[in-house]
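S.K.: Compute the structure for the input listed below.
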Amino acid sequence: MDRTCYLDVETSKTPYHYPWSSNSFLSCVGIINADQERKIYWFNHRDIDVTKINYKEQIREIQAVIDSHTRLVGHNLAFDLLWLWHIGIDTSKIKCYDTQVGAYIISGQTRKMVSLNEECEHYKIPTKIDRVKMYWENDIDTDEVPIDLLSEYLFQDLYCTQGVFLKQARDIKRLKLETIIKLNMELMPILAEIKYNGMRLDLELCKKYEAEYTAKLAVIEKELVELLGYEINWDSPQQVSCALFGGTFNVDDKETYIFTYKDGRTAEKVRAVKREVELKGLFKPPSNAKLGKSGYYSVGANMMLQLKGSTAEQKRFIALLQEKASISTNLETFFTGLQQHVTEDGKIHGNFNQSLTNTGRLSSSQPNQQNLPRKGTSPVKQIFLPTFDGIMNADLKQAEWRIGAFLSQDKVMINELINKVDIHTLNAQETFEDVKYRQEAKVVSFRMLYKGSAKAFYHDPKMPDFALKKWETIVSKFENKYPRLIEWQAENLRTITAMGQLRLPSGRIQKFSLQEQYGGAYGYSKTQAANYPVQGFTGDCMYVAMINIRKKMREHNLQSKIICQVHDSLVFDYINEELAVLASIVKEVYDNLDKYISRYFGIDFNVPMGGDIEIGETYGSLKAYEG
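M.R.: Model prediction:
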């Protein structure tokens with residue numbers, strides 16, 4: 001029999017609201033059970049005599065309530081789970097439902113990270129009071145809020161959550177979203193676990209790299225000044241534009257002047273003035289460069305890559321600019337930036353956002369753990385250490401290409417995958433007519449999966465400097481080789497134009513909005529029509545893998561932990577004695593993922609899947625696992 005209970009926790013106010021902070025505390029846990037009985041379990045409040053609280057008994061009672069129900073419902077339930085686990089509550093045997101995630105799925109990914117009040121307003125349910133927020137805004141912590149007011153706030157939170165859940169349940173049934181909702185609700189506690197586990201950072205090594213890269217940056221900027229003949233502000237796009245392509249800009253300066261008083265006396269004074277600086281520029285603007293409204297050229301990363309030098313001075317300047325950009329990113333985003341997110345346990349506990357992207361895939365924030373530089377391009381990953389014995393990375397091979405093959409049912413793509421053809425070498429031979437362009441052929445294949453164009457390849461400074469005509473030939477050969485893929489992309493656009501949405505094999509609905517096109521007209525994006533379904537269904541298939549891997553880890557009572565998810569990869573903190581079992585679990589799930597996907601979604605997934613496993617003493621020293 002289905003028995004649903006509703007739960008919410010109140011904790012110390014932000015930013016000390018997570019259990020791994022020594023300044024944080026759990027104030028209370030509120031529950032409404034399936035019989036509509038409600039209770040608040042107090043842990044920390046000025047009006048409660050803590051000496052009379054039997055914490056162990058309260059925790060046992062909360063556990064008993066959870067164990068006597070089949071479903072646990074909350075809004076942003078992932079946060080509540082962190083605190084339940086912190087006090088020793090086991091939630092592994094109960095189904096979870098997060099109304100925030102529900103709103104996101106039901107809306108076709110258009111209602112992102114909604115608050116409980118926003119969802120109440122959406123369903124025309126009375127919203128909860130906000131008087132408690134006034135206390136928080138006035139720097140009064142939760143344990144100091146009048147207990148009657150806090151109790152009322154907590155119960156209203158629970159009743160609002162209950163009302164929203166019942167409304168969402170009807171929408172889920174009406175829209176036939178049962179399977180995709182089940183998938184995301186099974187995923188949600190795993191993502192909360194990943195955040196709870198955290199990634200350990202070597203702060204000493206991080207600071208060493210910070211000092212090293214700061215010194216490197218100073219040397220580079222000094223040489224750039226010498227080449228330029230003037231010290232500009234590299235954070236000013238206008239000044240950088242003038243340095244590269246010529247022009248004038250104003251800088252703040254001071255000048256002395258003689259001030260005359262009414263009685264005729266004079267005095268020398270200093271005043272602020274604007275001084276105009278003119279630079280000749282070292283380069284001619286690229287042919288596709290356009291002046292902005294401010295009268296300066298864009299100097300973004302793509303423009304920098306298009307710079308071409310003929311003189312030794314120009315070539316050196318370009319090399320220094322590229323090195324400066326790389327060093328600045330490593331410094332600001334990683335070696336300096338990551339330190340700001342290290343908590344008292346020596347770890348970063350980033351968010352893995354389940355309700356934020358347009359496609360349904362995960363994103364990461366505070367900090368972004370999905371944008372760490374690739375191996376060989378930066379030492380950043382070296383600063384991530386295991387808590388146990390080692391780091392394992394398990395990567396799902398060519399996930400998006402394989403999902404694109406399934407969605408389009410392109411026979412050539414599928415046959416190449418079944419026969420384990422080296423697709424990129426073959427495409428280099430067939431489209432570029434030279435196997436030395438294997439890496440470029442790989443780029444073309446994946447961009448064409450998302451509706452790439454000859455003109456885009458032609459203007460990309462990272463691609464071979466071919467004539468536009470040759471790029472058109474390469475694209476034409478690709479389209480002729482994979483005709484069903486191209487036809488499927490066109491079908492998507494027609495469906496979106498007619499209905500404004502697509503439905504994926506997982507049951508996920510993806511909604512699309514009109515985009516401004518060239519000439520001011522509005523239409524649906526060809527790129528999104530090709531991109532979104534591949535991205536979304538790849539994410540859904542990865543979620544199937546994560547759910548099955550975590551389930552098998554529990555069955556084997558493994559204590560190794562999942563500590564990060566990077567789109568098509570899972571990162572583990574493993575115990576040596578568990579390595580062989582953990583690796584065999586991951587390999588079995590990845591190698592048989594086609595079967596797991598078929599069973600979960602009730603479809604015939606006819607494309608082989610698989611993965612690669614690497615291990616190392618740090619995240620940056622991974623090597624192929626040979627076990």
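S.K.: Tell me the confidence at residue 290?
M.R.: Listed pLDDT for residue 290 reads 78.
S.K.: With the one 4 residues further on instead?
M.R.: In the prediction, the pLDDT value recorded for residue 294 is 80.
S.K.: what does residue 518 give?
M.R.: On the pLDDT scale, residue 518 is placed at 73.
S.K.: Please apply the same query to residue 1.
M.R.: 83.
S.K.: try residue 378
M.R.: 90.
S.K.: Need the contact partners of stretch 308-323.
M.R.: 220, 223, 224, 227, 228, 282, 283, 286, 304, 305, 307 (CB atoms under 8 Å, 6 or more residues apart in numbering). C-beta: built from backbone N, CA, C; applies to glycine.
S.K.: and which of those is nearest residue 381?
M.R.: In terms of CB to CB, no member of those lies closer to residue 381 than residue 220, at 23.1 Å.
S.K.: Where does the closest one fall, secondary structure wise?
M.R.: helix 203-228 (DSSP states H and E).
S.K.: Could you give the separation of that helix from the chain centroid?
M.R.: Centre-to-centre, helix 203-228 and its host chain are 28 Å apart (CA atoms, centre = their mean, to the nearest Å).
S.K.: for that helix, what is the average pLDDT?
M.R.: Mean predicted confidence for helix 203-228 is 95.
S.K.: Stretch 536-551 now?
M.R.: 99.
S.K.: List every C-alpha atom in it, with coordinates, as PDB.
M.R.: This file holds the C-alpha atoms of stretch 536-551, laid out as PDB (Å, rounded to 0.1, in the frame of the first residue of the first chain):
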ATOM      1  CA  GLY A 536      18.800  15.100 -23.100                       C
ATOM      2  CA  PHE A 537      18.600  11.400 -23.900                       C
ATOM      3  CA  THR A 538      22.300  11.000 -23.300                       C
ATOM      4  CA  GLY A 539      21.800  12.400 -19.900                       C
ATOM      5  CA  ASP A 540      18.800  10.100 -19.200                       C
ATOM      6  CA  CYS A 541      20.800   7.000 -20.300                       C
ATOM      7  CA  MET A 542      23.700   8.100 -18.000                       C
ATOM      8  CA  TYR A 543      21.200   8.400 -15.200                       C
ATOM      9  CA  VAL A 544      20.100   4.700 -15.800                       C
ATOM     10  CA  ALA A 545      23.800   3.800 -15.500                       C
ATOM     11  CA  MET A 546      24.200   5.800 -12.300                       C
ATOM     12  CA  ILE A 547      21.100   4.300 -10.600                       C
ATOM     13  CA  ASN A 548      22.200   0.700 -11.400                       C
ATOM     14  CA  ILE A 549      25.800   1.200 -10.400                       C
ATOM     15  CA  ARG A 550      24.800   2.700  -7.100                       C
ATOM     16  CA  LYS A 551      22.200  -0.100  -6.500                       C
END
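S.K.: in the helix holding residue 220, what's buried?
M.R.: Residues 205, 206, 209, 210, 213, 216, 217, 220, 221, 224, 228 are the ones in helix 203-228 that count as buried (16 or more other CB atoms under 10 Å).
S.K.: All the strands of the stretch 51-200 of the chain, residue numbers only.
M.R.: Using DSSP state E, counting those that start in this stretch, the strands found in the stretch 51-200 of the chain span residues 71-74, 95-98, 199-201.
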